[in-house]
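K.L.:
Coordinates only, no sequence provided:
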């Protein structure tokens, strides 16, 4: 019973924490400590940035990753992703390829040109991935590539856990 309440508490803090500032951060850290003792979360908290112009798809993925214990931010294009990368320190990026303003490969190229993001784990999740794009992405260090119509949330969750090792860089 306590585990269920703790899971719901973690999800509520994730969804509404920005309204409460430092108190929410303290509560989240406390919840993670309790959860790790009880084995509630499937991974140690890590922050994941989802970059996708499809808000419905992003929300499905974000909700799943939050339930697995990850903190998640979603942005709709490459420019917003750059701002999010500068303001936070995600452990991994889940990246769509086809987006307005700056596509996924261009964002990945920009990320790899900065020392602080050279080794940032990136997972591609896109409806359209050509063989050439897949090759380019792998050359830039992408370890997991998923097609939106042929993936399961469990596979994506396993990939996030694989690339993050359950930790944020700098923590």
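P.N.:
Yep, it's here. Please read these numbers as outputs of a predicted model, since none were measured by experiment.
K.L.:
Now residue 51. Its backbone dihedrals?
P.N.:
Dihedral angles of residue 51 (phi, psi; degrees, to the nearest 10) stand at phi -120, psi 100.
K.L.:
what residues are up against it?
P.N.:
Going by CB atoms under 8 Å, 6 or more residues apart in numbering, residue 51 touches 74-78, 80-81, 93-96, 99, 104, 107. Any C-beta I mention is one placed from the backbone N, CA and C, and that applies to glycine too.
K.L.:
Could you give the secondary structure assignment for the residue nearest the centre of the chain?
P.N.:
The centroid of the chain falls nearest to residue 48 when counting by CA atoms, centre = their mean (2.2 Å). Assigned state for residue 48: strand (three-state reduction, DSSP: H, G, I helix; E, B strand; the rest coil).
K.L.:
now the chain, which segments are flagged as low pLDDT?
P.N.:
In the predicted model, the chain carries pLDDT under 70 at residues 1-45, 166-171.
K.L.:
re the thing from before, mind checking how far the residue nearest to the centre of the chain is from residue 86?
P.N.:
Per CB to CB, to the nearest Å, residue 48 is found 16 Å from residue 86.
K.L.:
try residue 154
P.N.:
Taken as CB to CB, the span from residue 154 to residue 86 is 32 Å.
K.L.:
again with residue 141
P.N.:
Plainly put, residue 141 is 20 Å away from residue 86 if you go by CB to CB.
K.L.:
out of the two, which sits in the more crowded spot?
P.N.:
More crowded of residue 141 and residue 86, by other CB atoms under 10 Å: residue 141, with 14 against 11.
K.L.:
so that one sits in a helix?
P.N.:
No: secondary structure of residue 141 (three-state DSSP): coil, not part of a helix.
K.L.:
Does it touch residue 124 like I think?
P.N.:
No: using CB atoms under 8 Å, residue 141 makes no contact with residue 124, being 11.1 Å away.
K.L.:
And for the spatially closest residue to residue 92 that is not a sequence neighbour, the neighbour number?
P.N.:
Leaving out its chain neighbours, the residue that sits closest to residue 92 by CB to CB, 6 or more residues apart in numbering is residue 121, at 4.3 Å. Applying other CB under 10 Å, we find 22 residues neighbouring residue 121.
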